[in-house]
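Colleague: need the 3D shape of this:
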Amino acid sequence: MHGTNRCKLLKIQETDYEEVKKLYTDERVRQFLGGIVEEQIYRAKFTDMCDVNNKGLYWVIRQKDSDQFIGLVSLSLHHDSISTEISYQLLPGWWGCGYGTEVAQGIINYAFKELGLKRVVAETQTANKASCQMLKKVGMSLEETIERFGAEQSIFSIMIAAATEE
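Modeller: Numbers count the residues shown, from 1 in each chain. As a prediction, this is how the structure comes out:
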């Protein structure tokens, strides 16, 4: 995955540690993701993301023109241990500008076209209205709501036939 119209998507590397850490220590980013993550826990998560044996795919999102760090997006195994889940975190300065939608659409298309997946899911807190809206915008449909992590979660999905072209 190389990018979208406005973003470069680069496989996560050790050198991304400090920038990715900004996502895990920002209260606004972490509001619906269980809160700020302590250094030791973050270090273990980051090491796992960079591990070539990890079955997940993790990309750092950078603005094409400026190379500025925007956030992180991934495809990994969902909590159901069956489905592939798209996850994303963007720094607040990039919210509301369409970057999340653009990147999510690009990753979903990549999952279908390059990885041959037939279905992708996303899970977000139901209270995270902006995330729920963005998932609908990229063609995902609400499949179910469940209680997990002490809050109601909305599980969205999209099948290959419903995917839109980039």
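Colleague: and Thr5, how far from Ile61?
Modeller: That one is not Thr; residue 5 is Asn. Using Cβ to Cβ, to the nearest Å, one gets 13 Å for the distance from Asn5 to Ile61. C-beta here means a position set from N, CA and C on the backbone, and glycine is covered the same way.
Colleague: kindly report the same for Asp67.
Modeller: Taken as Cβ to Cβ, the span from Asp67 to Ile61 is 11 Å.
Colleague: just want to know which of those two has more residues nearby.
Modeller: Ile61 (28 against 9; other Cβ atoms under 10 Å).
Colleague: wait, what's in contact with that one?
Modeller: If you count contacts by Cβ atoms under 8 Å, 6 or more residues apart in numbering, Ile61 has them with Cys7, Lys8, Leu9, Phe69, Ile70, Gly71, Leu72, Val73, Leu90, Tyr99, Val103.
Colleague: by neighbours, which of these wins?
Modeller: Highest neighbour count within the contacts of Ile61, by other Cβ under 10 Å: Val103, with 28 neighbours.
Colleague: now the two most distant members of the contacts of Ile61.
Modeller: Within the contacts of Ile61, two members stand farthest from each other by Cβ to Cβ: Lys8 and Leu90, at 14.2 Å.
Colleague: low-confidence ranges in the chain?
Modeller: Low-confidence segments of the chain, defined by pLDDT under 70, span residues 1, 162-166.
Colleague: longest helix anywhere in it?
Modeller: Counting residues, the longest helix found in the chain (DSSP state H) is helix 99-113.
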